[in-house]
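Peer 1: Let me see the structure of the following:
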Amino acid sequence: MDWDEFEEWGRHVSHWAAEYHKSLRDLPVRAQTRPGETIRGLAAAPPSQGEPMDAIMADFERVVMPGMTHWQHPRFFAYFPANATPPSMIAEMLVTTIAAQCMLWQTSPAATEMETVMVDWLRQALALPEGYSGVIQDSASSATLSAVLTMRERAIGYTGNRDGLNGKGTLRVYCSDQVHSSIDRAAWVAGIGQENLVKLPTRGLRHELDVDALRTSICEDRAAGHLPAGIIAITGGTGIGASDDLAAVLDVARAEDLYTHLDAAWAGAAMICEEFREEFWAGVAGYDSIVINPHKWLGAQFDCSVQFLRDPQPQLNTLKIEPEYLKTTGAAVTNYSEWTIPLGRRFRALKLWFLIRSYGLDGLRARLRSHVRWANEICELIREMDGFDIVTEPILSLFTFRCAGDDEAQQRLVDAINDDGRIYLTQGAFQGRKVIRFQVGQFETTRKDVLLAADVIRDVWTRRQ
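Peer 2: Now for the predicted structure:
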């Protein structure tokens, strides 16, 4: 392909993209294909000769698109959204076109300096104190792993990377039983181990970490000769939206000299709205590491996760490695590859710049507030349906419910709803029972889309009786 042909196909794909988004409501939300169907549509061996783009695009429509679940569909109520707003998509096209590897300041100064400013824009929007800096990661999983590795190294005097973990004692990390599975995986990869990730019970309407149990567990571990390393708190847990009392957890951490990480990957975005901060954000100042995902509720094209750091030095002490070929001479500059596990880095800050400038904070706040309001509305509609119970009340825009019957009945209903195609939901678990999760957060959803989900749930339930 030469650049003239690229220009032609670029126009074609831009038109295709606009038409795709404008017609999403006419498509089933979840892919309706069977396992192996896409494999059967693909050639078993690579071609020896190049093929024309019109043939490739035709096969894309025929083979690929039927097997895609439409995450940008306005009736996507499963998981948490991976939103892609038009301005962030335009920025992503520019990033792809420039195709820079932004690992060091010198490999693209604008990317590094824009990242510094965009992280600070978000710091201000989230009402975090001055002095917090940060870095754009690919996902919350990477930010959490970075924090857990830092907990580990800080607890053993930054000797683990050099010496290994033998003879360092049994490291312990504490959290509630509502944390995301990425916390478990971070404990695995960091060499701490599942058994040493201490999951504690929750209490209260927000299902917050029981700080009395936390204090007791730390005390017992020290008495047993274990080495407490850190605490992971959550604001807006994935399962039911569980949100810890941040100030109470931080008090324990300070008394015990433990490193703290706050997973606010989904719900942290809502803290751009002042009215949510008192309930979900009070006490956030002082956490050593905080992660939010602008690629969820804020509308940045995936992937874009921001990790804020009260002091970056502990993470630099943990992750920084500087062979000769990566050294920067001259003036002191920031090289963000020293703050993260991957060396390679995309120019993720550009889509934040386009996004925030295009909508403004007020425009983003209006959408989030609407999502919270509509989630409460549909929760009440489901509560009023015969045969349904609300299990966990709305926390921001997430709640869970059950239909009449056992756990298998919940799964059958979820599967039937998703096979229907008009909306997409997922199951979850709470207190040993299966629940059905409902979250509102897709960027282009409307009140009509959200309330339609109640009709779909009722229709599918009635047909199954």
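Peer 1: Only C-alpha atoms from now on, for both contacts and neighbour counts.
Peer 2: Will do.
Peer 1: So what's the residue count around residue 278?
Peer 2: Neighbour count for residue 278, taken as other CA atoms under 10 Å: 10.
Peer 1: taking the mean pLDDT, what do you get for the helix or strand it falls within?
Peer 2: Using DSSP states H and E, residue 278 falls within helix 274-280. When pLDDT is averaged along helix 274-280, the result is 95.
Peer 1: next helix or strand past it?
Peer 2: strand 289-292.
Peer 1: Output the contacting helices and strands for the helix or strand just after that following strand.
Peer 2: Going down the chain from strand 289-292, the next helix or strand is strand 305-309, by DSSP H and E. Packing partners of strand 305-309 (3 or more CA pairs under 8 Å, 6 or more residues apart in numbering; DSSP states H and E): helix 109-125, strand 133-137, helix 140-155, strand 289-292.
Peer 1: got the ones you listed as JSON lines, with mean neighbour count and distance to residue 59 columns?
Peer 2: Rendered in JSON lines, the data for the helices and strands packed on strand 305-309 read as follows (neighbours: other CA atoms under 10 Å; distance: least, CA to CA, whole Å):
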{"stretch": "helix 109-125", "mean neighbour count": "18", "distance to residue 59": "36"}
{"stretch": "strand 133-137", "mean neighbour count": "25", "distance to residue 59": "34"}
{"stretch": "helix 140-155", "mean neighbour count": "25", "distance to residue 59": "34"}
{"stretch": "strand 289-292", "mean neighbour count": "29", "distance to residue 59": "37"}
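Peer 1: where in the stretch 251-400 of the chain is pLDDT low?
Peer 2: 330 (pLDDT under 70).
Peer 1: and residue 30, which of the three is it?
Peer 2: Of the three states, residue 30 takes coil under DSSP: H, G, I helix; E, B strand; the rest coil.
Peer 1: Make sure it is actually in contact with residue 73.
Peer 2: No: when contacts are counted by CA atoms under 8 Å, residue 30 is not listed as touching residue 73 (9.3 Å).
Peer 1: what comes up buried for whichever helix in the chain runs longest?
Peer 2: Longest helix of the chain, by residue count under DSSP state H: helix 349-384. Buried residues in helix 349-384, defined by neighbour count with 16 or more other CA atoms under 10 Å: 349-356, 361, 364-365, 367-376, 378-379, 382.
Peer 1: Quick one: name whatever helix or strand follows it.
Peer 2: Following helix 349-384 in sequence, per DSSP H and E, is strand 388-395.
Peer 1: which other helices and strands contact that next one?
Peer 2: helix 349-384, strand 398-403.
Peer 1: I'd like the ones you listed laid out as CSV, including distance to residue 233.
Peer 2: Putting those into CSV (distance: least, CA to CA, whole Å) gives the following:
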stretch, distance to residue 233
helix 349-384, 22
strand 398-403, 18
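Peer 1: closest to residue 436 out of these?
Peer 2: Comparing those against residue 436 with CA to CA, the closest turns out to be strand 398-403 (5.3 Å).
Peer 1: which other residues reach the closest one?
Peer 2: 240-241, 375, 379, 387-394, 409-410, 434-440 (CA atoms under 8 Å, 6 or more residues apart in numbering).
Peer 1: one more time with 6 Å, if that's ok
Peer 2: By CA atoms under 6 Å, 6 or more residues apart in numbering, the surrounding residues in contact with strand 398-403 are 387-393, 435-439.
Peer 1: Counting neighbours, which bits of the helix holding residue 278 end up buried?
Peer 2: Buried-residue list, helix 274-280, by 16+ other CA under 10 Å: 276-277, 280.
Peer 1: got JSON lines for the contacts of strand 398-403, with neighbour count too?
Peer 2: Conversion of the contacts of strand 398-403 to JSON lines gives the following (neighbours: other CA atoms under 10 Å):
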{"residue": "387", "neighbour count": "13"}
{"residue": "388", "neighbour count": "16"}
{"residue": "389", "neighbour count": "16"}
{"residue": "390", "neighbour count": "18"}
{"residue": "391", "neighbour count": "16"}
{"residue": "392", "neighbour count": "20"}
{"residue": "393", "neighbour count": "18"}
{"residue": "435", "neighbour count": "26"}
{"residue": "436", "neighbour count": "24"}
{"residue": "437", "neighbour count": "24"}
{"residue": "438", "neighbour count": "27"}
{"residue": "439", "neighbour count": "27"}
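Peer 1: how far out from the middle of the chain is stretch 135-151?
Peer 2: On the basis of CA atoms, centre = their mean, to the nearest Å, stretch 135-151 is displaced by 12 Å from the centre of the chain it belongs to.
Peer 1: can you offset everything so residue one is 19?
Peer 2: Fine by me, first position is 19 from now on; the one you just mentioned is stretch 153-169.
Peer 1: who's in contact with that stretch?
Peer 2: With contact meaning CA under 6 Å, 6+ apart, stretch 153-169 is reached by 200, 204, 208, 247-248, 277, 321-325, 333, 336.
Peer 1: Kindly supply the PyMOL command isolating those of those that are buried.
Peer 2: A single PyMOL command selects the buried members of these (16+ other CA under 10 Å):
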select buried, resi 204+208+247+248+277+321+322+323+324+325+333+336
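Peer 1: of all the contacts of stretch 153-169, which comes closest to residue 192?
Peer 2: residue 248 (6.4 Å).
Peer 1: May I have the secondary structure class of that closest one?
Peer 2: Assignment for residue 248 (three-state DSSP): strand.
Peer 1: partner residues bridging it?
Peer 2: Per DSSP bridges, the residues bridged to residue 248 are residue 191, residue 277.
Peer 1: From residue 272, how far out is it?
Peer 2: Remark: distance between residue 248 and residue 272 (CA to CA, to the nearest Å) = 10 Å.
Peer 1: same thing with residue 28?
Peer 2: Residue 28 is 54 Å from residue 272, where distance means CA to CA.
Peer 1: Could you do residue 255 as well?
Peer 2: 23 Å.
Peer 1: With neighbour numbers in mind, choose between those two.
Peer 2: residue 255 (25 against 13).
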